[in-house]
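Peer 1: let me see the structure of the following:
(2 chains)
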Amino acid sequence: MKQMVAMADRNATQTAEQAKALAQMIVQSSVGVAAGVGAAKAAGASGGPLGSDNTVDCPKCGRTNEAKDRFCVGCGEQLRK
Amino acid sequence: MLEGRTHAGSVSPCCYQRAATRGAMFCGECRSPILRCMAYEECGGLLGPDGRCPVCVAPKLFLDAGARRDVKAGGALVLPLMFMNDSPVRRPVFVTDVWVREGDGELRKQNVAWERLEAGAANPLWVQTGALERQGRQLFEVSFTVATRYRWREEAFAFRSNLQLDIEQGGGVVINQTIHAGGQEGGLGGAVNAPIRIEAASETHSDQDRRTEPTLLGLTYADGFERETGIRGYTSGPLQGAVILRNARFTWKGFASGEAPETRPICTDDSLIVAGRSNSRQLGGEADVRLLVRDNAGNLDEQLSRAISRRHLEFYLQNGRLHVHAAGEAGVSIGDRRLARDGMAAVDHEDIIHVLPKHADALSLQVRMRAAFGEIHEIVITRIPAAPEAS
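Peer 2: Numbering: from 1, shown residues only, chains lettered A, B, ... in the order given. The predicted structure follows:
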């Protein structure tokens, strides 16, 4: 049973690590948005749909997407190649 | 359509990132439909086609210390098992059924005194084999059902541990088993053989036959067993034995433009398809499918339409079957079965859902399913009568 308790402790540690990983993922996501500005410009250069600098509007459903998105998160329409 | 995922537990990180965006239905990076766990707001888990949430459903099975063999006259092996909920979030699971089977014998259901298993906790269950031969090999399997619950919903999955018992000449027992080294139970990790030795009982050293450490047992996701026992999928009717995949497409026919979603799986934040009088969620309403009563010429029947609640019924998948939850005050009926408010029922192929039970002909939804190889990959819901301008 001690082994089980130790395992449960390890599990709690994993939870904390997971929380950190999630936080890191969110940070990375923010970085991705920033990086997506360049993608939006690239989309503009290739004649893709344009929204603001950080976003791109879907020509099919009208949903506003992050500029880094290759596909519309609302309908799956391709936004850029 | 499923470029980003190949198996439960192997959903791409890009999908997890995009799923955090409210209302996102597809991954902006790989275009995979985002299939959220019913408990997504608690667990943040995404699903593979089999519908398992790797965050909520993470059982582990151990052979606990104290495994004992007493084979003096073809005796039995008693296996002290420990069931553990290895979910990394604080979500309990429920071990609802446990069976054992020797060789190709009958399944023997075990009496389990507990059901709820908190995250990180382990509960014991002792199971006993039949009389073992002095020497030779016996196959022994332990199967169990793990359910995860959220609000009124439940998803149950079956797992199995296959043990091969080799009875040695000296009286010892070796349990041969295969575990997955990749960490994902039933996943794609490398399979390795991990034998467990249990020494024979001794009259002078009775403790020598007891193991001192719990040993992890290999688990396999038992989808075939789920169908065989009706844990998942349809147990009767034309699609008996078939299971709806979590990525099955919903196709809406007979609806006016803008009143039903595009063909796609259930990708909503709450993993429900809401049908009712309300505008669509994208327009700030509550519904994904708009239900209004119209006459044959397409004119709105305001009086009957007002009897439809803004959130009238909800479609969702549960245990590989399509379900309806009557959320509106008037309830619904499925064929002749009346479903009062908050009632839930499974829906079968060719069933007709009457939106207003007291006015059955006013507006109905016919359900058809398309299956191949025991898997239902498309659900077609047809509005009756069709809207005049419907495509």
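Peer 1: now residue A:69: phi and psi?
Peer 2: Phi and psi for residue A:69, reported as degrees, to the nearest 10, are phi -70, psi 130.
Peer 1: out of everything not next to it in sequence, what's closest to it?
Peer 2: What sits nearest to residue A:69 in space, not counting adjacent residues and going by CB to CB, 6 or more residues apart in numbering or on different chains, is residue B:28, at 3.0 Å. (Each C-beta comes from the backbone N, C-alpha and C, glycine too.)
Peer 1: show me what contacts the one you found?
Peer 2: Residues near residue B:28 by CB atoms under 8 Å, 6 or more residues apart in numbering or on different chains: A:65, A:66, A:68, A:69, A:70, A:71, A:72, A:73, A:79, B:14, B:18.
Peer 1: closest to residue B:129 out of the residues you listed?
Peer 2: Lowest distance from residue B:129 to the contacts of residue B:28 (CB to CB) belongs to residue B:14, with 47.3 Å.
Peer 1: return the distance of the host helix or strand of the closest one from the chain's centre.
Peer 2: Take DSSP states H and E as the rule and residue B:14 turns out to sit in helix B:13-19. Taking CA atoms, centre = their mean, to the nearest Å, the mean C-alpha location of helix B:13-19 is offset from the chain mean by 22 Å.
Peer 1: pick out the residue of chain B closest to chain A.
Peer 2: residue B:28 (3.0 Å; CB to the nearest CB).
Peer 1: what's the neighbour count on residue B:374?
Peer 2: Applying other CB atoms under 10 Å in any protein chain shown, we find 15 residues neighbouring residue B:374.
Peer 1: now it. Nearest residue, chain neighbours left out?
Peer 2: Residue B:374 sits nearest to residue B:242 (CB to CB, 6+ apart), 5.1 Å away.
Peer 1: ok, that neighbour touching residue B:371?
Peer 2: Yes - contact status for residue B:242 versus residue B:371: in contact at 4.6 Å, counting by CB atoms under 8 Å.
Peer 1: quick one, what contacts the closest residue to chain B within chain A?
Peer 2: Per CB to the nearest CB, residue A:69 is where chain A lies closest to chain B, at 3.0 Å. Residue A:69 makes contact with A:36, A:56, A:79, B:18, B:28, B:29, according to CB under 8 Å, 6+ apart.
Peer 1: residues of chain B that sit close to chain A?
Peer 2: Residues of chain B lying close to chain A by CB under 8 Å from any CB of the partner chain are B:13, B:16-18, B:20-21, B:23-31, B:33-34, B:44, B:62, B:64-65, B:82, B:84, B:86, B:88-89, B:119-122, B:213-214, B:262, B:264, B:282.
Peer 1: next step: those restricted to strands.
Peer 2: Residues of these located in strands (DSSP state E): B:62, B:82, B:84, B:122.
Peer 1: so can I have a markdown table of the residues you listed showing neighbour count and pLDDT?
Peer 2: Formatted as a markdown table, those follow (neighbours: other CB atoms under 10 Å in any protein chain shown; pLDDT from 0 to 100):
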| residue | neighbour count | pLDDT |
| --- | --- | --- |
| B:62 | 20 | 91 |
| B:82 | 22 | 94 |
| B:84 | 23 | 96 |
| B:122 | 23 | 95 |
